[in-house]
Structures are given as structure tokens and as C-alpha cells.
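In: Predicted model and sequence below, questions to follow.
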Amino acid sequence: MKVFRGNRVLRALSPSGLTARLAIAAALTGMLIAACGKDSTAPASPLASPLASIVVTPSGSLAVNTTHQFVAVGKDANGNVVAITPVWSVTASGGAISSTGMFTAGAVIGTFTNTVTATSGTISGTATVTVTAGSLATITVTPGPVTLPANSPQQFTAVGKDAGGNVVAITPVWSVVASGGTISSTGLFTAGAVAGTFTNTVKATNGSSSGTATVTVTMASGSHGPSAVTLGSAANYVILAKSGISNVPTSAITGDLGLSPAAASYITGFALTLPAAGAASTSAQVTGNVYAADYAVPTPNNLTVAILAMQAAYSDAAGRPTPDYTELATGAIGGLTLPPGLYKWSNTVTIGSDVTLTGNATDVWIFQIAGGVTQSAATHVILAGGALAANVFWQVAGIADIGTTAHIEGQIMSQTAITLHTGATANGRLMAQTAGTLAGNTVVKQ
């Protein structure tokens, strides 16, 4: 027995036995590695997770008809990226998108919420697109074509648009390129005195884009404008008021003054002389007579009739329908040449520089002014072509304020008050439904 065991030990430790045992160990090791499926030193990868969300980027703005590439990224519930092949679509308009996510903006501007959509299976993600106006493509000038009497004004406007027809803000430079008149920096055109059709003469330019309008200028003869306002017995007075007439001497008034229902004590600054039981007084500053409601008969009655006529004339002028010009130059008429017609403004009119009324002796101008009229110092209302102050009517709801040394022509009918500052002059009449205020003025009835 001892010999048998010794022989087994000797065989195991012999070179051939040791080689066999190493071979068996190597085979077992290979089998273990194969069972694990990879090298035992590489890290194990996590198991794949299902798609939970899709993020589409970027949301943002782009101009009409331009393109932008959108990207969709899939993620699992833990925020790990999951490979996807999204199906792209546009669900709330705004443009179109390709199968690769290239979006082309449409021609309609606006914000299109969650319109770009990327879908994979039952999961989708969206992005919002704001489409803005594109670059300026065209300028349209209106009105056009237009026909105007000689020397008459017309306000033009210019609207810029992109290739999709969306409005683009512009600041146009105005010019007249084929004669026919002149134009201001704000687009106010004044027709010239030469008749004809001036093709594409009014031009608005912004950068390299421009638009034009054609103007036809006509010459007319005979009487134009509305019919004259009937003043009735109010026409007997150069200054007619209800509550007072004040004056800072020395003024020069040609024509009669009338005040009613206020008494003569509300006529100040004229140093009046009234004969005993007189129906009229006089003043060294007035070439004519002065009348007040408390003078002897028939003055009170005459003045009552005249005041009613003044009010009726005001209502007549204010009620004339269908104006030829509405809100002309937004009320800033200085520097304009105005043909006969009915003019209407819903607010104040300002005369910041000379304004010319051009027409013949039978032409009529009526100015309907819902606010006041303010004439700057040393400016003039000028009559040209034979126009007469008797045919010019200023219907003023507010105060008529005539600046220092300024000159105005026409019949001023104020529902409020009339003020002539120092040295101002007027040809026509001053008719105030409250008070008239003078300061060293020259007023001549015409």
C-alpha cells in the first residue's frame, strides 16, 4: 500500500503529469471566460431604457421665406440619450418642414406656438416659431393716380412691404421727379400752376427701394369752393361780441363795434364819447360807431338781431357737409397754398408760417375748426389771384389767437374768444360769442 501511494505522488510530480494538470486548468479558465461573454476586465454597460421624451431645438424667430434646421433629441426617463429617427411635421402652420427637420418660414408673420413637431412612436416634442417680416421688397405710394386742381395740396403716404406682402416699417425720403408740384419731407404735395399729367412724379425712397404715384394737375375757371356764409345783420359790424371788447391803446378800427347783451362798461380802452340819450358812441380809435346793449333805442334791438345772426352764421359754417379736405397737414397749415374749398379739422389749427389762399374774387374758403386756431407772431395769411377777405370764413370752436404783428384775412367766427396780440392786423371781421381782446391793432372791415 505504501508503495502504491508513493507511485501516484511520483507520477503527479513527474514532468508529464504536471503538464497535463496545467492544460486542464487552462481549459477550465477558457470555459469560464466564454461563459461570461467578454474579457473579464471591461466595464459592464447598462441595460437599454425606453424612450420617454423628445426635445426639439431651437425655438426662435426667423424672417418670412427663410430656413432653419431643427434638431430632435430623444431621452429616457433618466435623461439618457436614446437614438431616434423622428418624423417631422408642422401642426400649427407658420411654414413647412422637410423629413430632415429643415423648416421654411411661410409668408404670414406671427407666433406659431408648438408648431414644429418631431415624433417617434407615441412620443413627440415641439418647438415654437415666430415669423417676422422680411426685408423691404416694395413701396406703395397712395393715393395714386390722383387729380388735383392747380395750387392745391394732397397728403401722400408710403407703405413698405416684404416679399410676402407683410408691412415693413420705413422712413421714406420724398421727392418730385417729373415736376407737377412740390412735396414736403412728410409727403405733403402741393400742385403747381401748370396743367398736365405728371407720370410717376411723386416718389418715396427707402434704401434701394422706391414707389411712385402719378399726379394730374387741372386748371379750372369760374367760381369754386362752397357758397359763402350769410352773415345777415352781423355784417354791419367789424367787431361783434357778447361779453366784452377790451383794448390796449392805440388801435385803429375801421367799421362799427357792437356788444350785446353786455353793457357799454364792458367796452374798455377806447375812451368812448356818448351823447346824451345817444344810440351810439364814438372813439378816436374807431372810424365808425360803437354800439352797446344799454344805449338808446333802436340799438338794443339791432344788436339782439345782429347777435342772433352771428350765431346763425357760425352754425351755418360749422354744419357744412362733405369737406373737400379733412385733417389737412394735421392742422399745421403754415407754408401751404390753399385753393378754394371746405376744410375740416377735428382739433387745433396752427399757422406757423405764411399761408396763401389762391383763387379769384368769387371763390370761397370755409375752415371748420373743432379746436382753436393759433397764428404765430409775424406770420401772414395772404390772398392771391384776386381772392377776397369777404369770402374767407374761419369757424373756430375754441380761441382764435393771432400772434404779435401777425396778419389774418377773413371773417373770424369764434364760439369762444378772439385775441389779437400787440401789433396784429386783420382784414375782415371779428365775431366772438364771448369776448374780443385787442392790443394796438389795426382791424379793417371787408
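Out: Nice, thanks for sending it over. The model shown is predicted, which means the values in this text are computed figures rather than measured ones. Residues are numbered from 1 along each chain as shown.
In: Secondary structure element for Ala309, which one?
Out: Following DSSP states H and E, one finds Ala309 within helix 299-318.
In: outside of the following helix or strand past that helix, which residues touch it?
Out: With elements assigned by DSSP H and E, the helix or strand that comes after helix 299-318 is strand 325-326. For strand 325-326, contacts defined as Cβ atoms under 8 Å, 6 or more residues apart in numbering pick out Pro153, Gly341, Leu342, Tyr343, Lys344, Trp345. All C-beta spots, glycine's among them, are computed from the backbone N, C-alpha and C.
In: Rank the helices and strands of this protein by mean pLDDT and give me the bottom one.
Out: helix 2-13 (a mean of 40; mean pLDDT, DSSP states H and E).
In: and Leu357, helix, strand or coil?
Out: strand (DSSP: H, G, I helix; E, B strand; the rest coil).
In: Surely it and Leu383 touch.
Out: Yes - look at Leu357 against Leu383 with Cβ atoms under 8 Å: they come within range, at 5.4 Å.
In: Return every residue with contacts to both of these two.
Out: Residues touching both Leu357 and Leu383 (Cβ under 8 Å, 6+ apart) are Val392, Glu409.
In: Comparing those two, which residue is more hemmed in?
Out: Legend: neighbour count by other Cβ atoms under 10 Å for Leu357 and Leu383, higher for Leu357 (25 against 19).
In: Excluding chain neighbours, what is closest to Ser93?
Out: Phe112 (5.9 Å; Cβ to Cβ, 6 or more residues apart in numbering).
In: Just after the helix or strand hosting that neighbour, pick out the following helix or strand.
Out: Phe112 is part of strand 110-120 when elements are defined by DSSP H and E. Sequence-wise, the next helix or strand downstream of strand 110-120 (DSSP H and E) is strand 123-132.
In: Can you pull out the low-pLDDT segments for the chain?
Out: Confidence mapping of the chain against pLDDT under 70 gives the ranges 1-48, 220-223.
In: centroid residue for it?
Out: When Cα atoms, centre = their mean is applied to the chain, the residue found nearest the centroid is Thr157 (10.2 Å).
In: Quick one: residues contacting it.
Out: Val141, Thr142, Gly187.
In: cool, and Glu327?
Out: Lys344, Trp345, Ser346.
In: out of these, which are buried?
Out: Lys344, Trp345 (16 or more other Cβ atoms under 10 Å).
In: got the contacts of Glu327 as JSON lines, with secondary structure columns?
Out: JSON lines is the format used below for those (three-state DSSP):
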{"residue": "Lys344", "secondary structure": "strand"}
{"residue": "Trp345", "secondary structure": "strand"}
{"residue": "Ser346", "secondary structure": "coil"}
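In: mind putting the contacts of Glu327 in TSV, distance to Met431 included?
Out: Below are the contacts of Glu327 laid out as TSV (distance: Cβ to Cβ, whole Å):
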residue	distance to Met431
Lys344	20
Trp345	19
Ser346	22
